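Visitor: Let's see this in three dimensions:
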Amino acid sequence: MELANHFGDYGGEIGSMVYNSGRDLNDLGRYDSCRSTNFSRYISFSTSGLPIGVFLGICGPIECTEEDYNSVWSKLAEFGNDIIKKMDIDVSMLNITLSEDNFHFADS
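Guide: Residues are numbered from 1 along each chain as shown. The predicted structure is shown next:
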């Protein structure tokens with residue numbers, strides 16, 4: 001329990017970034033804690049064109065810029081489309097196909 005509650009303290013820089021990032025749908029993470037270090041940068045992630053909004057806070061390395069994150073749009077679209085295909089509900093009526101235009105990162 002101690003390790004789970006203080007993962008950022010025991011995991012070094014990477015552990016701190018994981019701890020301060022969002023880990024669930026619409027989890028913005030710990031903005032202030034992420035920004036208080038000299039090794040991490042807070043980036044927000046959002047989607048558009050879906051029936052619901054999806055937002056996530058990412059505490060990543062300070063060297064990574066918004067442009068670095070933008071380079072993964074096509075992989076996110078591919079991953080999201082695979083998830084939609086594997087869903088155990090009928091999503092055909094939603095007619096959703098994700099593309100790079102659905103994803104946005106912002107350096108906060």
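Visitor: Please report how far the residue lying closest to C64 once chain neighbours are set aside lies from I84.
Guide: When the adjacent residues along the chain are set aside, C64 lies closest to R41, with 6.5 Å between them (C-beta to C-beta, 6 or more residues apart in numbering). Just so you know, the C-beta spots here come from the backbone N, C-alpha and C atoms, and that holds for glycine as well. If you measure R41 against I84 using C-beta to C-beta, to the nearest Å, the figure is 30 Å.
Visitor: what's the burial count for G12?
Guide: Close neighbours of G12, defined as other C-beta atoms under 10 Å, add up to 10.
Visitor: you'd agree the residue nearest to C64 is up against G57?
Guide: No: the criterion here is C-beta atoms under 8 Å, and R41 misses it with G57 at 11.2 Å.
Visitor: Now the common contact residues for the two.
Guide: With C-beta atoms under 8 Å, 6 or more residues apart in numbering applied, the overlap between the contact sets of R41 and G57 consists of C34.
Visitor: ok, the residue nearest to the spatial centre of the chain - contacts?
Guide: In the chain, the C-alpha nearest the mean C-alpha coordinate belongs to L56, at 4.5 Å (C-alpha atoms, centre = their mean). Taking C-beta under 8 Å, 6+ apart as the definition of contact, the neighbours of L56 are 21-22, 25-29, 44-46.
Visitor: Can you go through the residues you listed and name the buried ones?
Guide: Burial of these was assessed by neighbour count (16 or more other C-beta atoms under 10 Å); the buried members are 21-22, 29, 44-45.
Visitor: Contacts only, for I96.
Guide: If you count contacts by C-beta under 8 Å, 6+ apart, then I96 has 49-51, 84 around it.
Visitor: Where is the longest helix in this protein?
Guide: helix 73-86 (DSSP state H).
Visitor: Tell me the helix or strand right after it.
Guide: Past helix 73-86, heading to the C-terminal end, the next element that is a helix or strand (DSSP states H and E) is strand 103-107.
Visitor: Check which residues of that next one are buried.
Guide: Judged by neighbour count (16+ other C-beta under 10 Å), strand 103-107 contains these buried residues: 103, 105.
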